[in-house]
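using only what follows, build the 3D model:
(2 chains, ligands or ions: 4)
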Amino acid sequence: MTNRVLDLGGLDALIGVLREDGRVVVGPVLRDNAITLAELESAADLPGGWGVETGPGHYRVRRRADTAVFGHSAGPQSWKRFLHPPRRTLVTSDGNGFRAAPDPAPDYAFLGVRPCDLAAIAKLRQVIGGRKPFVVAAQCTEPGEVCFCASMGCGPAAGPGYDIALTERIDEQGQRFLATGGTDEGAAVLDRVPARRATPEDTALAEQDVQAAARTMGRAMPELDLRDLLAANRDSAHWEAVAERCLTCGNCTMVCPTCFCVSVEDHTDLDGTAERAQRWASCFEIDFSYLHGGAVRTSPAARYRQWMTHKLGTWHDQFGTSGCVGCGRCIAWCPAGIDITEEAAALTREHGGEQR
Amino acid sequence: MPSIAVWKFTSCDGCQLTLLDCEDELLPLTEHVRIAHFLEVTSVSEPGPYDISIVEGSVSTPEEAERIRWIREQSAVLVVVGACATSGGIQALRNFADVDEFRSIVYARPEHIATLGTSTPISAHVRVDLELRGCPIDKGQLLEVLTALLAGRKPDLPDTSVCTDCKRRGLTCVLVAHGTACLGPVTHAGCGALCPAVDRGCYGCFGPMNQPNVPALVPLLKRTGMGDDELQLVFRTFNANAEWS
Ligand code: SF4
Ligand code: SF4
Ligand code: SF4
Ligand code: SF4
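Ligands and ions are numbered 1, 2, ... in the order given. Next up, the predicted model:
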């Protein structure tokens, strides 16, 4: 497939084409002092000229020196909100039998999906299934302070699964996006968008920008078998040390783009109707581990251990891959600033030699 | 039809008003329950026993300490509602001061005032079946309890942090993204993250969640600019008497 180069007008046309085809286009927008995700009507809705400054328990939007629309890293929302909504009705009853609730999800096109989130969408869909969204990825040329996708093998170059991948560049030739079709459908959409053919130089510059990004990651996971490390250290004293700082608030699981857990709720109405729904749950909730007679993971240490062990260890046993893509959301949006890479490093320092 | 009785103890009536505020649901509700006692609605008061008693307010007088025992004996299910009934309310500030002194300053004839030295939750006096937190309570949670009791199912009242609701609602965290002090990480869910939804930090009016880690939140609140005095004030407002840690 030939690469194309779009300007901002071309990006706007791309959004227009996707909308014309009946898709709901969702992408980054500036809202409530954060870069969140919402429906896009045009490229003007994108957060042009806005970047972010992130750290453990810290997030601020900031003005950029340029007009980049994808010049930010993962925000408070992820695509999980759309593929796996926080609350969904499953079954309803009018008093005479039950009816499965229809899946209200529209035909989505996600635009500006970062490589870490592209990997997260695949991991999430491996668990929950559902219709495949149309994905326009935005390769990373400027990772954030809490990003570590490179060490999870999920970025900064977009892996498989996108329909179109964009790489934004702003230089003396202006603002432009190198566009690569990843599927026939993606290529067909690109054919309908005004763009010029990419020169070998365009493609080389984009590759160079993405490769440079891999070297400026804010963080990294320790390079050892985390699955073995966690399995061997269930009784580490370190879990108590984390628990002193952990609020067991559940924010990390809720912002994580791959955490899929739900809890089921039943409602009855005075008129005889009833509804069963599911809502996002978290392994930090005490009721999460409620079995007959009581909860089995009540201590904060056991709950933190469950989260980290599932993300980095037992996810491999369940799904053959890690549950973490290195997006850094759990680090930035943890009010206490607990850093999963730092906790993994601490476990490695304390017990690294003991594995196998 | 099951009977329902609504009782007031030391309180502001705000939680009872939440029941009256269920405008659309109130009429259908009267087709399913008989209101046996509810002074804000009717002066008719039927004798017990009652199938469901809803109790608002804390115990702050000797007379109330007696009356709650009688209500418990007369009620199959006892639901306590609001910060007053579940933790002692704002008036539990007296628990940290000398009530005799207050009494002599406020009243011309203090000898006529019979009051206890403390304001305590209903659960300190009798067994309680269900608790609704908040100052005031959440209307949705009240309806959830009533419809659950009528259908004979367990009501859905999560005891986790406000953050879980905040995140499900898709709000941007005011603590992380704005540096605004927020008690959400230690506060009991149920309000639907009302304050963060209007760009404010949680004030903790639903009281402590199950196993709150307040010592871990304190340095984060200090980072937003709160001093020790303010910290004491914020944990001693609606639920001063509750077990925050
Ligand atoms: S565990 Fe943290 S860094 Fe990893 S995918 Fe989840 S939110 Fe992102
Ligand atoms: S880390 Fe916890 S909330 Fe996330 S998927 Fe695993 S068990 Fe579920
Ligand atoms: S690690 Fe952080 S976000 Fe997760 S439960 Fe603990 S304090 Fe909350
Ligand atoms: S705004 Fe408050 S309640 Fe919401 S996630 Fe942040 S700390 Fe929790």
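
domains in the chain, by residue range?
Defaulting to chain A. A:4-86+A:106-215, A:226-351 (automatic domain parsing).

try chain B instead
Per automatic domain parsing, the structural domains of chain B span B:3-151, B:162-235.

residue nearest the centroid of chain B?
Most central in chain B under C-alpha atoms, centre = their mean is B:Gly82, positioned 1.8 Å from the mean C-alpha point.

distance of the residue lying closest to that residue once chain neighbours are set aside from ligand 1?
In space, and not counting its chain neighbours, B:Gly82 is closest to B:Cys15: 3.9 Å by C-beta to C-beta, 6 or more residues apart in numbering or on different chains. (Each C-beta comes from the backbone N, C-alpha and C, glycine too.) The gap separating B:Cys15 from ligand 1 is 39 Å, by C-beta to the nearest ligand atom, to the nearest Å.

on that earlier part again, out of the domains of chain A, nearest to B:Trp244?
With respect to B:Trp244, and counting by C-beta to C-beta, the nearest of those is domain A:226-351 at 12.8 Å.

for A:Ser93, which of the domains of chain A is the nearest?
That would be domain A:226-351 among the domains of chain A, by C-beta to C-beta, at 4.5 Å.

that closest one spans what distance, first to last residue?
11 Å (C-alpha to C-alpha, to the nearest Å).

that domain and ligand 4, any residue contact?
Yes. Remark: domain A:226-351 sits within contact range of ligand 4 at A:Asn251, A:Pro335, by C-beta under 6 Å from any ligand atom.

tell me the secondary structure of B:Gly170, please.
Under the three-state scheme (DSSP: H, G, I helix; E, B strand; the rest coil), B:Gly170 adopts coil.

mind checking how far it is from A:Lys80?
11 Å (C-beta to C-beta, to the nearest Å).

more neighbours, those two?
A:Lys80 (23 against 18; other C-beta atoms under 10 Å in any protein chain shown).

contact partners for residue 209?
Because you didn't say which chain, this covers chain A. A:Thr141, A:Thr167, A:Arg169 (C-beta atoms under 8 Å, 6 or more residues apart in numbering or on different chains).

that's the wrong chain, I wanted chain B
Counting by C-beta under 8 Å, 6+ apart, B:Met209 has contacts B:Asp159, B:Thr160, B:Ser161, B:Val162, B:Val186, B:Thr187, B:His188, B:Ala189.

which ones are touching whichever residue of chain B sits closest to ligand 4?
Closest contact between chain B and ligand 4, by C-beta to the nearest ligand atom, is at B:Gly184 (2.1 Å). By C-beta under 8 Å, 6+ apart, the contact list for B:Gly184 reads A:Cys249, B:Ser161, B:Val162, B:Cys163, B:Cys166, B:Leu175, B:Ala193, B:Pro196, B:Gly201, B:Cys202.

just checking, the second one touches B:Gly190?
No. When contacts are counted by C-beta atoms under 8 Å, B:Ser161 is not listed as touching B:Gly190 (10.8 Å).

which residue ranges of chain B form strands?
B:3-8, B:34-38, B:42-45, B:50-56, B:75-81, B:130-132 (DSSP state E).

what ranges do the helices span in chain B?
With helices called from DSSP state H, chain B shows them at B:14-20, B:23-30, B:62-74, B:82-87, B:99-106, B:139-151, B:162-168, B:174-178, B:194-197, B:214-223, B:228-235.
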